[in-house]
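Participant: turn this into a model:
(one chain, ligands or ions: 1)
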Amino acid sequence: MQAEVRTYKMKPVSPRVQEKLDKSYEESLGLAERELRCPNCGRLVCVLFSDAGGHIRLLCKNCKTYSTYNLGYFRRQKGFGRHKERMLRGEDCSRQRRSSYR
Ligand SMILES: [Zn+2]
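Facilitator: Down below sits the predicted model:
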């Protein structure tokens, strides 16, 4: 017997809201992204764009804690400086495979 596929109630997105979503996506294309991780367990809780600011309260789905973040205090990312240096030198920034696995 085949398992029943769950369906969720979803309301259709209005054209006005869809227009805002499309515009938001287009504006975000030129921005850099950074990850915001839970201070308690390290799980990714949010992806922020470089123009994000102010305060935000997020729920970590792993440890179920609400945390309030001032995004001004969470600007730096560990290891990003090296990544930025490589980008400025024009090197390939994609992850490279380790030759020891061959
Ligand atoms: Zn957590």
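Participant: and the biggest helix by length in the chain, C-alpha only, in PDB?
Facilitator: Longest helix in the chain, counting residues (DSSP state H): helix 15-28. C-alpha atoms of helix 15-28 as PDB (Å, rounded to 0.1, in the frame of the first residue of the first chain):
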ATOM      1  CA  PRO A  15      -0.300  39.500  -7.500                       C
ATOM      2  CA  ARG A  16       0.600  42.400  -5.300                       C
ATOM      3  CA  VAL A  17       2.600  40.300  -2.800                       C
ATOM      4  CA  GLN A  18       4.100  38.300  -5.700                       C
ATOM      5  CA  GLU A  19       5.300  41.500  -7.200                       C
ATOM      6  CA  LYS A  20       7.000  42.400  -3.900                       C
ATOM      7  CA  LEU A  21       8.600  39.000  -3.700                       C
ATOM      8  CA  ASP A  22      10.000  39.200  -7.200                       C
ATOM      9  CA  LYS A  23      11.300  42.800  -6.600                       C
ATOM     10  CA  SER A  24      12.900  41.700  -3.300                       C
ATOM     11  CA  TYR A  25      14.600  38.800  -5.000                       C
ATOM     12  CA  GLU A  26      16.000  41.000  -7.800                       C
ATOM     13  CA  GLU A  27      17.300  43.500  -5.300                       C
ATOM     14  CA  SER A  28      19.100  40.800  -3.400                       C
END
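Participant: helix or strand next in line after that helix, which one?
Facilitator: Downstream of helix 15-28, the first helix or strand assigned by DSSP states H and E is strand 33-37.
Participant: do that following strand and the ion meet at all?
Facilitator: No - using Cβ under 5 Å from the ion, we find that strand 33-37 stays clear of the ion, coming within 8.3 Å at best. All C-beta spots, glycine's among them, are computed from the backbone N, C-alpha and C.
Participant: ok, back up a step: who are the packing partners of the longest helix of the chain?
Facilitator: Contacting helix 15-28 under the criterion 3 or more Cβ pairs under 8 Å, 6 or more residues apart in numbering; DSSP states H and E is no other helix or strand.
Participant: report the buried residues of it.
Facilitator: Neighbour counts over helix 15-28 (16 or more other Cβ atoms under 10 Å) mark no residue as buried.
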